[in-house]
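> what follows is a predicted structure for the sequence shown.
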Amino acid sequence: MFALLFAVLVGILLGFIAGLVPGLHPNTFATVLSGLGFDPLLVQFCIIALAAAATVFESLRAIFLFIPDSNTVLTILPGHRMLMEGKGMRAVAVCSLAFIASTALAFLLLPVSLALFPALYAVIAPITPQILLALSIALLATERKPGKIAAATLCFLLAGFLGILLFTQPIVPDPLFPAFAGLFAISGLVMGMSQQKPLPPQRAAGSAPLSLLPVIAIGTLLAALADLLPGLSSPAQIAVFASIFTYMNSERFLALTSSIASSHLIFALAALLTTGKARMGAVAIVGEAASSISPEWIFALAGAALLATGIAAYLLMPLARFAVPFLSSVKQNELNALVLAYLLSLIFLIGGGPAGLLIAMVAAFIGALPPILGVRRTHVMGFILLPSIARLFI
Amino acid sequence: MAEPAGESLETDAISDKRLALAALALSLLGLLVLFLYAQSLQPRQTSIGALAGEREGSFVEVIGTVSSASSRGGSVFIRLCDFSDCIAVFVPGQQADDFRINPYLLKPGDKLVVRGVLKEYKGEPELVPLGADGLELV
């Protein structure tokens, strides 16, 4: 028992490092851990805690440094906006609540998901292309005016063609990092540098944002879809679609994306048992290492994820309080330039070398289009939506 | 006073239009360059036995017969053999939908072309298929 707890604590520590340091992906740690020859069960607990904690800590990186990954790719948009409005601490409080509440709710729903997933998967899987296509059209239609819809469609298609090219051609082994960095971070950082806005003083977080609990509950339920729709590769896609149907401001969208990102891990464990599909790297690695996959094993790992999420989310606010004075003392332009240089170096080193840089550059041009054309940047999620639709239709 | 403000707005709009056109042109040009670059990438055809001489990260193409295929945790593990040797082929679960064929349906005796990157896992070489044509039945 103590050994398992220790493994979870080690996982949280590694998740802290993987979540805050861009380029150190949790899957890299997980792969290394699984090859070290420790007790397989301890390693599995450690990997799940690592994945859960990394998702939580990545939100700090997304809000304060504008550096996304596939889980937090949409967190940077409302999170950074709130930071530039002086509400960075509030953004962290919203994320903390969403992480804790959604993971707890997902844990409570685990027996239901284990019972319902096989039937739901059988119903949903054959009509996934139609669902994705309909939701993508609805997403574009939310721009309302014909000119804006046309501009959004252009951004969606350009990003989609980039996705199709990268997912079907052997340009780099893992195109997600350079592409997401270009679509969201690099374009945002460069445009932010041209605007030269200083970081405003940050206000206190205020009372716990309990009014967001219904949004968090919706996000948790939707997270299950990320594992049931075979065309979806990221929980962020679900968040984009969810934003079509309900009123969204920055706080609500942040709560939605955070709740989907953290509860996705628990539903991914349920999906591994019921559908045999591992949609998350960490779940795939523990699934491969497990001698048998049973409901008891799933519950135990989900408990580890819940514990790790709780501890990591509890640490978010103190860490943010530590980060804010430091970030306020640095000139935003200099910080953006530093982050940009770091990102480009990382892309060169681990994102495919010169080819990775080329991908990031093309993605950055496409990512710059939505703000210039006056439409939402989420339309460039066509990068993963269009390949999913195309793959499932062909 | 209104006129300069109007002029300024007009100038901004033109500037945005030019900026949009520039971003659009560069996006299209970039996509074209990426496409042409992808077309220029050709895997090196080799035998499985000769992979020992290849460096990690090489883009290679081998043809062989599936001696075993199993899935675990969503990932697919294939043992591919030719006249010279055998090698492990690893298809990560998250990429299993990327190929033109369904890797879960592979069975012993299937003749398979694998185009992918040579990697090392726990000291042993393995092939990770890449792109939609990374796995092809012949």
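The structure has been received and is ready for your questions. Numbering: from 1, shown residues only, chains lettered A, B, ... in the order given.
> mind giving me the packing neighbours of the strand or helix carrying residue A:97?
Using DSSP states H and E, residue A:97 sits in helix A:88-108. Contacts defined by 3 or more Cβ pairs under 8 Å, 6 or more residues apart in numbering or on different chains; DSSP states H and E place helix A:88-108 against helix A:40-60, helix A:76-84, helix A:213-228, helix A:250-275, helix A:295-329. Glycine gets a C-beta too; all of them are placed from N, C-alpha and C.
> wait, which of these is closest to chain B?
With Cβ to the nearest Cβ as the criterion, chain B lies closest to helix A:250-275 of the helices and strands packed on helix A:88-108, at 6.3 Å.
> for that closest one, what does the pLDDT average out to?
Taken as a whole, helix A:250-275 has a mean pLDDT of 87.
> over to stretch A:43-56?
Across stretch A:43-56, pLDDT averages out at 94.
> got the CA positions of it in PDB?
Extracted in PDB, the C-alpha atoms of stretch A:43-56 (Å, rounded to 0.1, in the frame of the first residue of the first chain):
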ATOM      1  CA  VAL A  43       5.300   1.600 -12.600                       C
ATOM      2  CA  GLN A  44       1.700   1.500 -13.900                       C
ATOM      3  CA  PHE A  45       0.500   3.600 -10.800                       C
ATOM      4  CA  CYS A  46       3.400   6.000 -11.300                       C
ATOM      5  CA  ILE A  47       2.600   6.500 -15.000                       C
ATOM      6  CA  ILE A  48      -1.100   7.100 -14.400                       C
ATOM      7  CA  ALA A  49      -0.300   9.600 -11.600                       C
ATOM      8  CA  LEU A  50       2.300  11.200 -13.900                       C
ATOM      9  CA  ALA A  51      -0.200  11.600 -16.800                       C
ATOM     10  CA  ALA A  52      -2.900  13.000 -14.400                       C
ATOM     11  CA  ALA A  53      -0.500  15.500 -12.700                       C
ATOM     12  CA  ALA A  54       1.100  16.600 -16.000                       C
ATOM     13  CA  THR A  55      -2.400  17.500 -17.400                       C
ATOM     14  CA  VAL A  56      -2.900  19.800 -14.400                       C
END
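> centre of the chain versus that stretch, how much separation?
Its chain's average C-alpha position is 15 Å from that of stretch A:43-56, according to Cα atoms, centre = their mean, to the nearest Å.
> where's residue A:362, which helix or strand?
Using DSSP H and E, residue A:362 falls in helix A:353-373.
> which non-adjacent residue is nearest residue A:53?
Spatially, and ignoring its direct neighbours in sequence, residue A:53 is nearest to residue A:15 (2.7 Å; Cβ to Cβ, 6 or more residues apart in numbering or on different chains).
> for chain B, which strand is longest?
As assigned by DSSP state E, the longest strand anywhere in chain B is strand B:59-72.
> lowest-scoring secondary structure element of the chain by mean pLDDT?
Chain wasn't specified; assuming chain A. Scoring the helices and strands of chain A by mean pLDDT, DSSP states H and E places helix A:235-245 at the bottom, with a mean of 68.
> can you look at chain B instead?
helix B:2-40 (a mean of 72).
> after that helix comes which helix or strand?
Next helix or strand after helix B:2-40 toward the C-terminus (DSSP H and E): strand B:44-45.
> what helices and strands are in contact with that next one?
If contacts are counted by 3+ Cβ pairs under 8 Å, 6+ apart, strand B:44-45 sits against strand B:59-72.
> can you list contacts of the strand it packs on?
For strand B:59-72, contacts defined as Cβ atoms under 8 Å, 6 or more residues apart in numbering or on different chains pick out A:170, A:276, A:287-288, B:41, B:43-48, B:51, B:54, B:76-82, B:86-87, B:103-104, B:106-118, B:127, B:130, B:138.
> residue B:135 and residue B:66: what is the separation?
Applying Cβ to Cβ, to the nearest Å, the value for residue B:135 to residue B:66 is 10 Å.
> what is in contact with these two at once?
Applying Cβ under 8 Å, 6+ apart, one finds that residue B:135 and residue B:66 are jointly contacted by B:106, B:112.
> out of those two, which sits in the more crowded spot?
residue B:135 (25 against 18; other Cβ atoms under 10 Å in any protein chain shown).
> beta-bridge partners for that one, please?
residue B:114 (DSSP bridges).
> what's the separation between it and residue B:101?
Using Cβ to Cβ, residue B:135 is found at 5 Å from residue B:101.
> could you list the low-confidence segments of the chain?
Using chain A here. Counting by pLDDT under 70, the ranges of chain A that qualify are A:22-24, A:66-76, A:194-198, A:230-238, A:243, A:245-247, A:278-279, A:392-394.
> switch to chain B, that's the one I care about
B:1-15, B:73-74, B:94.
> any idea how far the closest residue to residue A:333 other than its chain neighbours lies from residue A:84?
What sits nearest to residue A:333 in space, not counting adjacent residues and going by Cβ to Cβ, 6+ apart, is residue A:193, at 5.4 Å. Distance from residue A:193 to residue A:84, counting by Cβ to Cβ: 13 Å.
> cool, residue A:331 as well?
Plainly put, residue A:331 is 14 Å away from residue A:84 if you go by Cβ to Cβ.
> between the two, tell me which one has more neighbours.
Regarding residue A:331 and residue A:84, a neighbour count based on other Cβ under 10 Å identifies residue A:84 as having more, with 16 against 11.
> domain parsing for chain B?
Listed domain ranges for chain B are B:1-41, B:44-137 (source: automatic domain parsing).
> ok so, going back, who does the helix or strand just after the helix holding residue A:97 touch, helix- and strand-wise?
Sequence-wise, the next helix or strand downstream of helix A:88-108 (DSSP H and E) is helix A:110-124. Counting contacts by 3+ Cβ pairs under 8 Å, 6+ apart, helix A:110-124 packs against helix A:213-228, helix A:250-275, helix A:295-329.
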